[in-house]
Every structure is written in structure tokens, then in C-alpha cells.
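Q: A predicted structure for the sequence below; I have some questions about it.
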Amino acid sequence: MGGQAKALLDLGGRRIIERVVDVLAAVTNEVIVVTNTPEHYRFLGLPMVPDALPDHGSLGGIYSGLEAVAGDAAFTVACDMPFLHREVARLVVERADEGDVVIPRVGEQWETMHASYKKACLPYIAERLHAGRFKIVDFFARVRVVEIPEADVARYRQPDLVFMNVNTPEELERARALVATLD
């Protein structure tokens, strides 16, 4: 995105991160931001934690957030998902006690950045991080995974929209075209 922080991009008069935080605040008791640039997110008025292991990708962010939360589990989403849906988030959050990972699956794709992770996952995530292996699903065989079926997500919104990330200028333009029809 040309060096711009994706989370801070305007979408329909609001920053993407503000859209994400609104959904999280509606379905969780604790919202924290995992970031190594806290000055960019101070305006949110939320607790922030740095990556425990910088440059370890999304898995490192999950580890850092999970380690920092007060409770036994953390619902984790990416900062660049503008069309999160409260009811889809609730599907995950309300089932968090059922497994170590509670996660939607669309086709063969696990939605790893829209999932609940229990603290029981921390040692297995740490093993992966220290081995330099950052693929999130690689530790799933070691924990109890509860799948949220695609059909459950689709009751509320098309899964490709719920889990959409804004990574390119083209995706940003698509999101800007969609925002008025989805809000």
C-alpha cells in the first residue's frame, strides 16, 4: 500500500481500524492492539502491546496478544479487515470454551485471523516461532480445533466479504465501492 498503514486508511469516512474495533468492542470484554508503532493507534484509547518477537508475522502477533490478554482466550483479527460482522464474530467468541482454537473454515481455508485461541496454544505457537516456522495452521494438530462451518458464516454475510483483507490499492478500491452497500 505504498508504505501507508493499512489499518489507518479511510473507508466510508472511518479508518479501517475503527471499523475493526467497533466489532471487537461489541463482542469481547477486552480489546488490545498488538503493534510496534503505538503512536499510530493512540487515538483509539486502547491498551497496546508490542510484538514479543518482532518480525514473526501474524503468528507472532497472535502469540503477543494471547500472552497479554487477561482471560484464557483471545479472539484475534487482522487490522485490515473492513467488513467484519458482529454476528460472525459472536459465532467464534461464544464457542471459545469448546476448543483451543475456534475458527471459521471457508472451503479448505482456515480463517486464522478471525479465530479464538486459548492460552493452551502458547507453548505450541512458541515452538513454531522459535523454529522460524510462521504458518499459523502448523500447530493445529497439537490442539483441539473447533470449526465454524462456512454455511454458519454465510447466514450473516458472504464469507469472502467478512474475511476480506485490504492489501492492495485494487482491494482498497473494491472495499470503497462496497462500503456503502454493506454498512
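A: Structure's in. What do you need?
Q: Any idea what the residue nearest the centre of the chain is bridged to?
A: Most central in the chain under Cα atoms, centre = their mean is residue 77, positioned 0.9 Å from the mean C-alpha point. For residue 77, the beta-bridge assignment (DSSP bridges) gives partners residue 114.
Q: list the contacts for it?
A: By Cβ atoms under 8 Å, 6 or more residues apart in numbering, the contact set of residue 77 is 20, 23-24, 84, 89, 113-114. In this view, the C-beta of every residue, glycine as well, is placed from N, C-alpha and C.
Q: what packs against the helix or strand of the chain with the lowest mean pLDDT?
A: Each helix and strand of the chain was given a mean pLDDT (mean pLDDT, DSSP states H and E); the minimum falls on helix 169-182 at a mean of 90. Applying 3 or more Cβ pairs under 8 Å, 6 or more residues apart in numbering; DSSP states H and E, one finds that helix 169-182 makes contact with strand 10-11.
Q: swap the cut-off to 10 Å and go again
A: Applying 3 or more Cβ pairs under 10 Å, 6 or more residues apart in numbering; DSSP states H and E, we find helix 169-182 packed against strand 10-11, helix 16-27, helix 159-162.
Q: Apart from its neighbours in sequence, what residue is nearest residue 146?
A: residue 99 (3.5 Å; Cβ to Cβ, 6 or more residues apart in numbering).
Q: How about the contacts made by that neighbour?
A: Going by Cβ atoms under 10 Å, 6 or more residues apart in numbering, residue 99 touches 73, 115-118, 120, 143-147.
Q: any chance of the helices and strands packed on helix 169-182 in CSV, plus mean pLDDT?
A: Converted to CSV, the helices and strands packed on helix 169-182 look like this (pLDDT from 0 to 100):
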stretch, mean pLDDT
strand 10-11, 94
helix 16-27, 96
helix 159-162, 95
